[in-house]
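Trainee: predicted model follows, preceded by the sequence.
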Amino acid sequence: MVDALSIALSGLMAQDQRLSVSANNIANADTTGALPTPQAPATTVYKPLTVNYTSQVGGGVQSHVTSNPNGYSPVPDPASPYANSQGLVAAPNVDLTQEIVNLLQAKLLYRANIDVIKTQKHMMGDLLNTIS
């Protein structure tokens, strides 16, 4: 038997994570850091996060957050304390349009999972009323 409540709850948690990741990406879209060099291969620039989903056996979904290790581009900002000798800094590759789409999709999927929970509640109530 399929447990609709567990499946819907896993969807809610996955969309909650998606909302958090998109909000984090949007909040850090304008942060910059030093470009990596052979002497300092690491950078402090924010690396955009992505949520990946995997289906669970028996239904539901599980979300995994990953960061893009090459999720930045060199941009000119000679006034920045992170600027190199050419005036370039590392800026995260955050696509604000895609992040807004992610927020809207998460909102719709969150609402759909809530509707599944409400339907499950009504069906269980109808079943109990029929039995009693």
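Mentor: Good, I have the coordinates.

Trainee: going forward, measure contacts and count neighbours with C-alpha atoms only.
Mentor: Will do.

Trainee: and residue 112, that's in a helix?
Mentor: Yes: for residue 112, which was evaluated using DSSP: H, G, I helix; E, B strand; the rest coil, the result is membership in a helix.

Trainee: next one: it from residue 42, what distance?
Mentor: Relative to residue 42, residue 112 is positioned 42 Å away (criterion: CA to CA, to the nearest Å).

Trainee: cool, residue 122 as well?
Mentor: Between residue 122 and residue 42 the distance is 54 Å, computed by CA to CA.

Trainee: with residue 21 instead?
Mentor: Using CA to CA, one gets 22 Å for the distance from residue 21 to residue 42.

Trainee: looking at the two, which one has more neighbours?
Mentor: For the pair residue 21 and residue 42, the greater number of neighbours falls to residue 21 (21 against 11), based on other CA atoms under 10 Å.

Trainee: buried set for stretch 35-52?
Mentor: When neighbours are counted by 16 or more other CA atoms under 10 Å, the buried residues of stretch 35-52 are found to be 35, 43, 45-49, 51.

Trainee: now flag whichever of those is closest to residue 3.
Mentor: For these, the closest approach to residue 3 (CA to CA) belongs to residue 51, at 24.4 Å.

Trainee: the closest one: what's it in contact with?
Mentor: 17-18, 21, 63-66 (CA atoms under 8 Å, 6 or more residues apart in numbering).

Trainee: neighbouring strands - and their directions - for the helix or strand where it lies?
Mentor: Taking DSSP states H and E as the definition, one finds residue 51 inside strand 49-55. The strands that strand 49-55 pairs with in its sheet are strand 61-67 (antiparallel) (by DSSP bridges).
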